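Visitor: fold the following.
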Amino acid sequence: MGANMSRRWLSSGHTVFGYARTKATVDGLVSDGGLSGGSTSLSDLVAKLDQPRVLWLMVPAASVDATLEQLMPLLASGDVVIDGGSSDGSVEIIKRYADRLSYWVSEPDRGHADAINKGFAHTSGEIMAWINSSDVYLPWTLRTVAAVFRDVPQAQWVMGVPSYLNNAHAVTNIHPTLRNRYDFLASDRCTMQQESVFWRRSLWDACGAGLSAEFSLACDHELWMRFFEKAPLFHVDSLLASFRPHLDGRGRVEGAEYRRETRMTWEEHRRRASSRDLRRAAAIRACNSRMGRAARMSLRALGMASWDSAPRIVFDHAVQRWTVG
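Guide: Residues are numbered from 1 along each chain as shown. Sure, this is the predicted structure:
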């Protein structure tokens, strides 16, 4: 389990160092591509990591206290420890070293949304996003996103071109889409590739600074509905992340529940919408035929339906900047 998680992190562009008591175990994982490097010494392991460090422990219950006793003195200001509500001696050990940590907590979370909210509450960056364990950021993702927000200050949130990966980590499909709030008001079947979405902290704060813990699967969809009420979505003409389908993914295993939750968020979004916006959504719904979609694109291109915009951000090679195209 630990090696599989390490490989997922590595495939997402992270550097992963591991600790084991035997050199053969560490060397075997490194040679097999399961780790970037490793050590049989906790002090040596911590020294290999740049701050702020993220440390994840998987040890037998009987060894937790002994491992923490070795690890905690090695941590420093800026490091964070999150404990999932342990009932052993972990909390007492962490408390002894609390003054050298920037933050620590020991409590169970209430699911996916609550865990993400806890993490965001202890961050201060201007650009925000999250990614699930099986999905992947691309080598250029973070640099591109930072440049997009720098060059296009009016963009409050953006989405890259949706794409899919196979098990060999190759991009197999891309699905360019240009959607706006009216598409999402028109149909409860509209979705977005969550891992390709990035936003400014000011928008997050304006929309309540949190995911709704009411939704165990569609908390992202509910957040997008709130974002749409505050700002238009900008579409970046670049791949920014890839979704990796797998048979035991929650969206596949619990598909009926996900659809129920997206329907709930859609209905609530429509209840908050004005009658004018609902009329516009009805017009979009009427364009769902092939001819209707072509007519809609033509009206967009001619600027004859300015409210039905889906702003695109493209790279201008002449000036070497991202611009609204």
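Visitor: let me know the pLDDT of the residue lying closest to residue 149 once chain neighbours are set aside.
Guide: Distances taken as CB to CB, 6 or more residues apart in numbering put residue 127 closest to residue 149, at 5.8 Å, once the chain neighbours are dropped. For the C-beta atoms, the positions are set from N, CA and C on the backbone; glycine is no exception. Residue 127 is assigned a predicted lDDT (pLDDT) of 94.
Visitor: verify the stated contact: residue 127 with residue 197.
Guide: No: Residue 127 is not in contact with residue 197 according to CB atoms under 8 Å; the separation is 11.3 Å.
Visitor: residue 229: what's it in contact with?
Guide: Residues counted as contacts of residue 229 (CB atoms under 8 Å, 6 or more residues apart in numbering) are 181, 207, 269, 272.
Visitor: residue 127 and residue 197 - which one has more neighbours?
Guide: When residue 127 and residue 197 are compared on other CB atoms under 10 Å, the one with more neighbours turns out to be residue 197, at 21 against 16.
Visitor: how about the more buried one: which residues does it bridge to?
Guide: For residue 197, the residues forming beta bridges with it (DSSP bridges) are residue 159.
Visitor: could you shift the numbering so residue one becomes 40, and keep it that way?
Guide: Sounds good: first residue 40 from here, last item residue 236.
Visitor: can you pull the pLDDT of it?
Guide: According to the model's per-residue confidence, residue 236 sits at a pLDDT of 97.
Visitor: over to residue 307?
Guide: 95.
Visitor: name the nearest residue to it, ignoring sequence neighbours.
Guide: Closest residue in space to residue 307, ignoring its immediate chain neighbours: residue 264 at 7.2 Å, by CB to CB, 6+ apart.
Visitor: now for the contacts of residue 268: which two are most distant?
Guide: The largest separation in those, counting by CB to CB, is between 220 and 246 at 13.6 Å.
Visitor: neighbour count winner among those two?
Guide: Of the pair residue 220 and residue 246, residue 220 is the one with more neighbours under other CB under 10 Å, namely 24 against 20.
Visitor: dump the residue contacts of the more buried one.
Guide: The contact partners of residue 220, taken as CB under 8 Å, 6+ apart, are 267-268, 271-272, 316.
Visitor: repeat for residue 258
Guide: Residues in contact with residue 258, defined by CB under 8 Å, 6+ apart, are 151-152, 155, 250-252.
Visitor: what's the spacing between it and residue 220?
Guide: Residue 258 sits 19 Å away from residue 220 when distances are taken as CB to CB, to the nearest Å.
Visitor: check residue 86 too.
Guide: Residue 86 sits 50 Å away from residue 220, going by CB to CB.
Visitor: which helix or strand in this structure has the lowest average pLDDT?
Guide: For the chain, the helix or strand with the lowest mean confidence is helix 289-292, at a mean of 58 (criterion: mean pLDDT, DSSP states H and E).
Visitor: need the next SSE after it, C-terminal direction.
Guide: Remark: after helix 289-292, the chain's next helix or strand is helix 294-311, criterion DSSP states H and E.
Visitor: just the C-alphas of the following helix or strand past that following helix, formatted as CSV.
Guide: As assigned by DSSP H and E, the chain's next helix or strand after helix 294-311 is helix 314-324. Once non-C-alpha atoms are left out, helix 314-324 reads as follows in CSV (Å, rounded to 0.1, in the frame of the first residue of the first chain):
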residue,chain,number,x,y,z
SER,A,314,-35.5,34.9,-13.9
ARG,A,315,-33.4,36.5,-16.6
ASP,A,316,-30.6,34.0,-16.1
LEU,A,317,-33.1,31.1,-16.2
ARG,A,318,-34.5,32.4,-19.5
ARG,A,319,-30.9,32.5,-20.9
ALA,A,320,-30.3,28.9,-19.6
ALA,A,321,-33.5,27.8,-21.4
ALA,A,322,-32.1,29.3,-24.6
ILE,A,323,-28.9,27.4,-24.2
ARG,A,324,-30.9,24.2,-23.6
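Visitor: contacting residues around helix 314-324?
Guide: Applying CB under 8 Å, 6+ apart, the contact partners of helix 314-324 are 220-222, 224-226, 309, 312, 335, 346-347.
Visitor: list buried residues within these.
Guide: The neighbour count (16 or more other CB atoms under 10 Å) marks 220-222, 224-225, 309, 312, 335, 347 as buried among the contacts of helix 314-324.
Visitor: and the residues you listed, which is the shakiest by pLDDT?
Guide: The weakest per-residue confidence within the buried ones among the contacts of helix 314-324 falls on residue 335 (78).
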